[in-house]
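Sequence first, then the predicted structure, then my questions.
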Amino acid sequence: MAAEQRGWKATASSNKGWVPCHSAANTPCSTTQYTGSLMLLLLLLCDFCRQPKRQLAIVLCPNAALCQQVVRLVSSLQSPSGEPLLRACQVASSNPPPFEPPDVVVTTPGALVNLFNDRGFSYGSQWTAEGVSSRARFVVVDEADLLSQGGYVKDLMRLLDAFKAGERRVIESQVMEELGLSEDDIRRLPRHIRQACWDAGVPGMLKAGYKVRTQQQQLEQPADKVPMWSEDMKQQATVQDQLATGSNSTEDGSSSDPFVKRRASSSQASSRGHSSYGPYFRRQYLLVAATMPALTKGDVGVALQKRFKEAAWVSGDMLHQIKPHVQHQWVKVGEQGTEDALVQALQNDSDYQAQKARVLIFAKDTTAADNVSGMLQGHGIHHVVYHKNVSKEDRDAALAAMSQASEQTGNTVMVSTDAAARGIDLPDITHVLQADFAATAIEFLHRVGRTARAGKPGKVTSMYGRSDAVLAEALQQYIQEGRPIQDCFSRNRSFSRKVKRYGKFVPRGQEGPQKGKASVTA
């Protein structure tokens, strides 16, 4: 691998591996084994192998805890001499950006939008929407399915639209140089020619029917039609030239102003061959998630396919499947039996009895998590709590307790909401216990994925009541049969509505008979 061939190493231990990703410019990846951060690092390191120049990467995560985790991972990469390979920083309202941009910026969509709207100019032009868009070579969206819906999607779409517009402006500026065109010329192009320009530069325009003007036609061009450069285009062109050359000066002492050079060379554009055009700026997008529903038109995966039409989709063999070596126990409980079932499931765990268990208990919300905490406290079971209403210091302490647990420290138990279900690195969880059953199959898959990682053994105890029975029993059947569980996926409350409509479980994307009516087939 590229990193290993260079002798590079990571000082932090990780149970995740490198992901070879040789694909199109846009790559939504659905995998239960790897994170976007590692894929990003591989691409950056491979790029360094080819040409050791700095690029800017943006990593978007759902929350601050994941951002901090990615920053630690990036910062842990070292050269053989022990020097950091990449500089990373987290950008948030409480953690403003440095004046000198790092190699990797890790942030949430909301924090980056706020930076662009409110404070970017305060930290220099490189932190404005134009400045970041013109430099960002990589954009990674971690937990892409989560960020593409709910309260995240508006900010994410704003950023993707801004990046797309910035990429188009950079390509247009290069095409203007190559063909000697003005901004007005670009704006007057037919829509299909302009789209071809954005997609493939001058070769794409020629293929779409554009005719390059001859040198004589350019010399006869009226003075008021000479290409003009806006300040935005100057900034983008300057940044791109500096990235390409690594310098602001020329060896022969000629002008280093990119606009002087471009205007001087524009009259030669008509004599160029196709091979002399480009290459053009292309941003690498990686959208990574453990779950990526794509069965119906309203699914996140379908929406991403429409936005990134030429994307390459990469997935593991176990996409949307539960690992076969996980031991499952299903416990149906009544309204009054939850506490006894919970304590019994915990105390009967052989690892717990051997004082070497790492148990993660999931509750449906913060109130339920606090109630579970009270139950455990009443039984003298030491534990930590992790959810949004817990102070940051206590959350950090809870994560540290789970990460540093060992056989010498004895049992470690964490009570959490689904805040700990995605992305958070909690190594060697031996037992996942659902005090409240997951609201959806997607949440179930993320919770269960906390244990039995990297081939290690793991147990899952799922307690469910009457309201959860249809989903729980459907999942149990799919797991026993070794089938992917995407047929059980649902959005919001659509699963319960479908059960109410048909009176039973009906796989996603299918219709069933109405309650009390005979089914009719065509």
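Right, received. Where do you want to start? Numbering: from 1, shown residues only.

Can you check the pLDDT for S122?
We note a pLDDT of 81 for S122 in this prediction.

what about the strands in the stretch 351-500 of the chain?
Per DSSP state E, counting those that start in this stretch, the stretch 351-500 of the chain carries strands over the ranges 358-362, 384-386, 412-416, 431-434, 458-464.

Not counting the shortest one itself, show me its contacts.
For strand 384-386, the surrounding residues in contact (Cβ atoms under 8 Å, 6 or more residues apart in numbering) are 369-370, 373, 394-395, 397-399, 401-402, 412-417, 419-420. Just so you know, the C-beta spots here come from the backbone N, C-alpha and C atoms, and that holds for glycine as well.

Direction included, what does that strand pair against?
Using DSSP bridges, the strands paired with strand 384-386 are strand 412-416 (parallel).

Residues in contact with the partner strand: which ones?
346, 357-363, 369, 372-373, 376, 381-387, 398, 401-402, 405, 420, 426, 435.

from the residues you listed, which would you call buried?
Among the contacts of strand 412-416, the ones that count as buried by 16 or more other Cβ atoms under 10 Å are 346, 357-363, 369, 372-373, 376, 381, 383-387, 398, 401-402, 405, 420, 426, 435.

F489 versus G298, what's the distance?
11 Å (Cβ to Cβ, to the nearest Å).

Please disregard the earlier target; I meant F281.
37 Å.

Of the two, which one has the most company?
Higher neighbour count among F281 and F489: F489, with 24 against 20, using other Cβ atoms under 10 Å.

Next up, the contacts around the more buried one.
Applying Cβ under 8 Å, 6+ apart, the residues near F489 are T291, P293, L295, D299, T440, A441, I442, R508.

Please, a ChimeraX command that selects the buried ones among the residues you listed?
Filtering the contacts of F489 down to the buried ones (16+ other Cβ under 10 Å) takes a single ChimeraX command:
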select :291,293,299,440,441,442,508
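
so which pair among the contacts of F489 is furthest apart in space?
Using Cβ to Cβ, these span at most 14.1 Å, a distance reached by L295 and T440.

SS state for the closest residue to D103 other than its chain neighbours?
Distances taken as Cβ to Cβ, 6 or more residues apart in numbering place L86 nearest to D103, at 4.4 Å, with adjacent residues excluded. Three-state call for L86 (DSSP: H, G, I helix; E, B strand; the rest coil): coil.

Just the local confidence number for L86, please.
Reported pLDDT for L86: 86.

same deal with Q408?
pLDDT at Q408 comes out at 80.

what does G36 give?
47.

quick one: low-confidence ranges for the protein?
Within the chain, the stretches with pLDDT under 70 are 1-54, 119-120, 214-275, 335-336, 492-493, 514-522.

how about 80 then?
Scanning the chain with the threshold set as pLDDT under 80 gives 1-55, 118-121, 213-275, 335-337, 407, 491-497, 509, 511-522.

Keep only those of the contacts of strand 384-386 that are in helices.
Mapping those onto helices (DSSP state H) picks out A369, D370, S373, D394, R395, A397, A398, L399, A401, M402.

Please name the nearest non-neighbouring residue to the fourth one.
This means D394. Nearest to D394 is V385, by Cβ to Cβ, 6+ apart, at 7.3 Å.

partners of that neighbour in the sheet?
Residues in beta-bridge contact with V385 (DSSP bridges): V415.

tell me how far the host helix or strand of S133 is from the chain's mean position?
For S133, the enclosing helix or strand under DSSP states H and E is helix 129-135. Its chain's C-alpha centre and that of helix 129-135 lie 19 Å apart, by Cα atoms, centre = their mean, to the nearest Å.

before we move on, what about stretch 365-374?
Distance of stretch 365-374 from its chain centroid, counting by Cα atoms, centre = their mean, is 30 Å.

for it, which positions count as buried?
T366, A368, A369, D370, N371, V372, S373.

Out of those, which comes closest to Q90?
T366 (24.5 Å).

any idea how far that closest one lies from P101?
37 Å.

just to revisit the earlier point, helices - which of the contacts of F489 land there?
Cross-referencing the contacts of F489 against helices under DSSP H gives A441, I442.

can I get the contacts of F489 in JSON lines with distance to L342?
Shown next, in JSON lines, are these (distance: Cβ to Cβ, whole Å):
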{"residue": "T291", "distance to L342": "27"}
{"residue": "P293", "distance to L342": "31"}
{"residue": "L295", "distance to L342": "34"}
{"residue": "D299", "distance to L342": "34"}
{"residue": "T440", "distance to L342": "22"}
{"residue": "A441", "distance to L342": "22"}
{"residue": "I442", "distance to L342": "24"}
{"residue": "R508", "distance to L342": "31"}
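
Looks like A129 contacts A165 (just checking).
No - with contact defined as Cβ atoms under 8 Å, A129 does not reach A165; the gap is 9.0 Å.

Name the residue in the two with the higher neighbour count.
A129 (19 against 14).

for the helix or strand containing D185, which positions count as buried?
Assigned by DSSP H and E, D185 falls within helix 183-188. If you call a residue buried by 16+ other Cβ under 10 Å, then helix 183-188 has these buried ones: D185, I186.

Can you name the element that comes right after that helix?
Moving toward the C-terminus from helix 183-188, the next helix or strand (DSSP H and E) is helix 191-207.

How far away from the center of its chain is that following helix?
30 Å.

With stretch 57-75 instead?
Put simply, stretch 57-75 sits 10 Å off its chain's centre (Cα atoms, centre = their mean).

what does stretch 105-120 give?
16 Å.

Report the buried residues of that stretch.
105-116, 120.

hmm, who's touching that stretch?
With Cβ under 8 Å, 6+ apart as the criterion, stretch 105-120 contacts 56-64, 67, 70-71, 74, 88-93, 96-97, 127-129, 131-132, 147, 152, 155-156, 158-159, 162.
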